[in-house]
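# How does the following fold in three dimensions:
(2 chains)
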Amino acid sequence: MVRISVDEEDLGDCKPGMTILEILRKRYGGDLKGILGVKISSRVLSLRDEITDSSEITTLKITDPEGMTLVCDSLAHVLARAVSRIIPDATMASLSSGQNEFSYDFKTNPITEETMSQLQKIMIEILKDAQTPQIERLSKTDLLYMFRENAFKKTIIEGLDENSEDHVVWHLGDFADLCHGPHLLNLREIDSDAFELKSVSAVHWRGDRRNVQLQRISGVAFPSRKDLVLHQKECKELEKRDHRRIGKDLRLFMLEEDNPGMPFLLPNGMTIVNRLVEFWRDTHRNEGYQEISTPILLTKDLWLQSGHWHKYAENMLITALDEREYAIKPMNCPGAILVYQNIIHSYRDLPLRYSEIGLVHRHELSGVISGLFRVRAFRQDDAHIFLMESQIADELDKVIRLIDNTYRVFGFSYVVDVSTRPEQFIGNVETWERSTSILMEVLRKRNMAFRIKEKEGAFYGPKIDFHIRDCLGRYWQCGTIQLDFSMPERFNLEYLSSDGGSRRPVMIHRVVFGSIERFLGILIEHYGGKFPLWLCPIQIRVLPVTDSQLGYARTVADKLRNLGLVTEIDDSQNSISKKIRMAHKERIPYMVIIGSQEENESCISVRTLDNETYNQLSTDSFCESVICKIKTKTLGYQLVI
RNA sequence: GCCACCGUAGCUCAGCCGGAAGAGCAGCUGACUUGUAAUCAGCAGGUCGGGAGUUCGAAUCUCCCCGGUGGCUCCA
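Residues are numbered from 1 along each chain as shown, chains lettered A, B, ... in the order given. Got it, this is the predicted structure:
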């Protein structure tokens, strides 16, 4: 006998081998509507599964995340069923499902969007028809026989253990599919108005480019129509915040058809970049960095020595100069190394921190470039630190603190990954293990949680990656800290130790923003164009109500400018309402309204971008509050008067 | 690089089963002098992404190229 509880109610002893369905009936009677599956510990099971051990069972409803995974799994099968109806020669390959998404890959001719909407209609019909899928448990041999004509399914089945119960056959009428479960008992549990087919794309079998090309249809699903509508609204919100949209509207940068992947920064965008870089210079100077600048074009010999010519050739842009081959730098490290080699270093110089805002170019595939997020030319806020092995832990701690302090200023939280030794690596295993454990030890000492990404380190060393979380909950990789024992080796870097002997330094490569262009893109979306005051290209606009206040308005504007505040004056013939509307659209944080009343009383009225108004304010107290905000890099526009 | 979709005025878009290129906003000119998210009128603005083809005639149909969007893969 096994002891079973369901939803925290003890059912006492049950016979092993009972199905979950039977057990649930003991608890809830015949009406199990709304129960999609169950969870035992963290394992999700179907109602048809059998119980062999004592268990605490939790039922899963459509509102539970795990409940939705069951729905998505079924929707993938239903999609396959729909495809089999209108594209009979499509071969089902593999499916995947998550909490709110599902997809199925097929070997077939390209699928158009028209077909997609047709498929969606058929799926709805199938769901409304609400047949109960039948599950058939077969041996591996029988599965292989059943799917003998489907090479993809055969490959999947061949990969199964001999006695695996992981895969079953999912029947819906005369349609049969391989299912790894757990699955829904009844399609009636799915709201046919709460899913949507989203996109079709070309993928390769098992993600390997050498394999055949498949068509992937993917969709999203939610517990109810209401949730789907909410999701659609969120997508619209994302669209509104799209940095490409806002970048165009606010004239921050431009993208030009004949130079794809090469963003042009416009005056407004450059203002923001300059403020970011000024901030970056301040913090780095305080941390003992020395800024350098290395050429964009460097000789082939250097790239041969660094290993880039072999390891990174595909992404490098090659050119020639005076019959010698050169490459446009895709990374800044070799340049920094040449600077290190320029003079002999003593152990007293270390850690030696060279920082560089380096413009790099990479030949990214045309299909991946996108806005500022993925480009072919970008600035990195790079630094290369040369140090002794004994200094690694302290230096890492410093770099982490610098990164943490920087992200804090923008209101970003972040998560951290440690990537370990990859299959292809250089150096010796012992050094790798030691340095990897140093990375983890430093994080632990700081009480920082981290995920471990096995075998994802750079070929020359392990690394810590920082993924910042924006206000919409999306993560972006920005900062990275990489330990490198390889480049110093390749370039025979040395320093003189206290005993007069030559030693090899270690290198740390690190960025905080990552790519300045990408970081700008993230900031645009994070703030929706409403940047913190210290970053705003235009901080204040003075709006006279009529022309007769122009004189006083100019006096006020001059005063603000003299205090270093970026101030414009709207001397157009527009109505005050229109002027306000324009300023809002241009995301100007402060609108200083000047009418006859303000002029007579020698004061100003202020309206913020967040629609707060401050009337009859003295110019001085406004300035004081704004300047303080800029100095402290405060977020938000609320004035403290 | 691969698949689908898209490309018309500076911006947002209409026109597209072939038959004289349109609107709103922005711009310019003028009038209005306005109190917290669009004052009114006029003017100007386009090799319809590029090239080839079909046709008496192509923004519209076909093919090739370029670029963009969403995915795949890759990454800062």
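
# Pull out the buried positions in the longest helix seen in chain A.
Under DSSP state H, the helix in chain A containing the largest number of residues is helix A:65-86. Residues of helix A:65-86 classed as buried by neighbour count (16 or more other Cβ atoms under 10 Å): A:66-84. The C-beta positions use only the backbone N, C-alpha and C, and glycine is treated the same way.

# go on, stretch A:428-442?
Of the residues in stretch A:428-442, those buried under the neighbour-count criterion (16+ other Cβ under 10 Å) are A:432, A:435-436, A:438-440, A:442.

# List the neighbours of that stretch that are in contact with it.
Applying Cβ atoms under 8 Å, 6 or more residues apart in numbering, the external contacts of stretch A:428-442 come out as A:392-393, A:396-397, A:400, A:418, A:420-421, A:425, A:450, A:452, A:457, A:461-464, A:481, A:483, A:485.

# out of the residues you listed, which are inside helices?
Per DSSP H, helices hold the following members of these: A:392-393, A:396-397, A:400.

# between these, which is closest to RNA strand B?
Nearest to RNA strand B among the ones in helices among the contacts of stretch A:428-442 is A:Ile400, at 15.7 Å by Cβ to the nearest atom of the strand.

# Please name the residues that touch that closest one.
Contacts for A:Ile400 were tallied using Cβ under 8 Å, 6+ apart; they are A:442-443, A:446, A:448, A:464, A:481.

# What segments of the stretch 451-600 of chain A are helices?
Counting by DSSP state H, counting those that start in this stretch, the stretch 451-600 of chain A has these helices, from start to end: A:486-490, A:516-527, A:550-562, A:576-585, A:596-601.

# Can you say which of those helices is packed in most?
Per residue and on average, the most neighbours among the helices of the stretch 451-600 of chain A fall to helix A:516-527, with a mean of 24 (mean count of other Cβ atoms under 10 Å).

# Now the residue in the stretch 1-150 of chain A that RNA strand B sits nearest to: closest residue in space, sequence neighbours ignored.
When Cβ to the nearest atom of the strand is the measure, the stretch 1-150 of chain A has its nearest residue to RNA strand B at A:Pro110, with 3.2 Å between them. When the adjacent residues along the chain are set aside, A:Pro110 lies closest to A:Gln215, with 6.4 Å between them (Cβ to Cβ, 6 or more residues apart in numbering).

# name the element the one you found belongs to?
strand A:213-221 (DSSP states H and E).

# and that strand with RNA strand B, contact?
Yes. Legend: contact between strand A:213-221 and RNA strand B by Cβ under 7 Å from any atom of the strand is shown at A:213, A:215-216, A:218.

# Which elements pack onto that strand?
Applying 3 or more Cβ pairs under 8 Å, 6 or more residues apart in numbering; DSSP states H and E, we find strand A:213-221 packed against helix A:65-86, strand A:101-107, helix A:113-129, strand A:195-204, helix A:225-241.

# out of these, nearest to A:Ile357?
Nearest to A:Ile357, of all these, is helix A:225-241, at 26.7 Å by Cβ to Cβ.

# Could you check how many residues crowd around whatever residue of the stretch 251-400 of chain A ends up closest to RNA strand B?
Of all residues in the stretch 251-400 of chain A, A:Gly367 sits closest to RNA strand B, at 2.2 Å by Cβ to the nearest atom of the strand. A:Gly367 has 7 neighbouring residues, counting by other Cβ atoms under 10 Å.

# what's it sitting at in phi/psi?
Torsion angles at A:Gly367 (phi, psi; degrees, to the nearest 10) stand at phi -70, psi -10.

# so who does it touch?
Going by Cβ under 8 Å, 6+ apart, A:Gly367 touches no other residue.

# Run through the residues of the stretch 251-400 of chain A sitting next to RNA strand B.
When proximity is defined by Cβ under 7 Å from any atom of the strand, the stretch 251-400 of chain A lies next to RNA strand B at A:255, A:257-258, A:260-261, A:362, A:364-371, A:374-376, A:378, A:380.

# Please indicate which of those are buried?
Neighbour-count burial within those applies to A:255, A:261, A:362, A:364, A:369, A:371, A:374-376, A:378, A:380; the criterion is 16+ other Cβ under 10 Å.

# give me the element the nearest residue to A:Ile35 once chain neighbours are set aside is part of.
In space, and not counting its chain neighbours, A:Ile35 is closest to A:Thr59: 4.7 Å by Cβ to Cβ, 6+ apart. Under the assignment given by DSSP H and E, the secondary-structure element containing A:Thr59 is strand A:55-60.

# Against which helices or strands is that strand packed?
Using 3+ Cβ pairs under 8 Å, 6+ apart as the contact definition, the elements that strand A:55-60 packs against are strand A:2-6, helix A:20-28, strand A:37-40, helix A:65-86.

# one more time with 6 Å
For strand A:55-60, the packing partners by 3 or more Cβ pairs under 6 Å, 6 or more residues apart in numbering; DSSP states H and E come out as strand A:2-6, strand A:37-40.

# Give me the residues contacting it.
Outside strand A:55-60, the residues that touch it by Cβ atoms under 6 Å, 6 or more residues apart in numbering are A:4-7, A:35-40, A:66-67.

# Out of these, which end up buried?
Looks like these have A:4-6, A:35-40, A:66-67 buried, using 16+ other Cβ under 10 Å.

# Mind putting these into TSV with distance to A:Ile593 and pLDDT?
Converted to TSV, the buried ones among the contacts of strand A:55-60 look like this (distance: Cβ to Cβ, whole Å; pLDDT from 0 to 100):
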residue	distance to A:Ile593	pLDDT
A:Ile4	71	81
A:Ser5	67	80
A:Val6	65	81
A:Ile35	61	86
A:Leu36	58	86
A:Gly37	60	86
A:Val38	63	86
A:Lys39	59	87
A:Ile40	65	86
A:Glu66	55	86
A:Gly67	54	87
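
# which parts of the stretch 451-600 of chain A sit against RNA strand B?
Within reach of RNA strand B by Cβ under 7 Å from any atom of the strand, the stretch 451-600 of chain A has these residues: A:477-478, A:480, A:511, A:514-515, A:517-518, A:545-548, A:573-578, A:580-581, A:584-585, A:591, A:593, A:595-598.

# how about the strands of the stretch 301-450 of chain A, start to end?
With DSSP state E, counting those that start in this stretch as the definition, the stretch 301-450 of chain A shows strands at residue ranges A:317-321, A:324-328, A:352-361, A:377-387, A:413-419.

# which of these sits most buried?
Of these, the one with the most neighbours on average (mean count of other Cβ under 10 Å) is strand A:377-387, at a mean of 23.

# quick check: angle from that strand to strand A:317-321?
Strand A:377-387 and strand A:317-321 meet at an angle of 90 degrees, taking axes from the mean of the first three to the mean of the last three Cα atoms, to 10 degrees as the criterion.

# ok and the residue in the stretch 501-641 of chain A nearest RNA strand B?
With Cβ to the nearest atom of the strand as the measure, the residue in the stretch 501-641 of chain A that lies nearest RNA strand B is A:Gly595; the distance is 2.0 Å.

# Tell me if I'm right that that residue and A:Pro544 touch.
No. Applying Cβ atoms under 6 Å as the test, A:Gly595 and A:Pro544 come out as separate, 7.7 Å apart.

# ok, now which ones touch A:Pro422?
Listed by Cβ under 6 Å, 6+ apart, the contact partners of A:Pro422 are A:455, A:457.

# switch to 8 Å and redo it
Counting by Cβ under 8 Å, 6+ apart, A:Pro422 touches A:455-459.

# would you list these in CSV and tack on neighbour count and pLDDT?
Rendered in CSV, the data for the contacts of A:Pro422 read as follows (neighbours: other Cβ atoms under 10 Å; pLDDT from 0 to 100):
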residue, neighbour count, pLDDT
A:Lys455, 11, 85
A:Glu456, 15, 85
A:Gly457, 22, 85
A:Ala458, 18, 82
A:Phe459, 15, 76
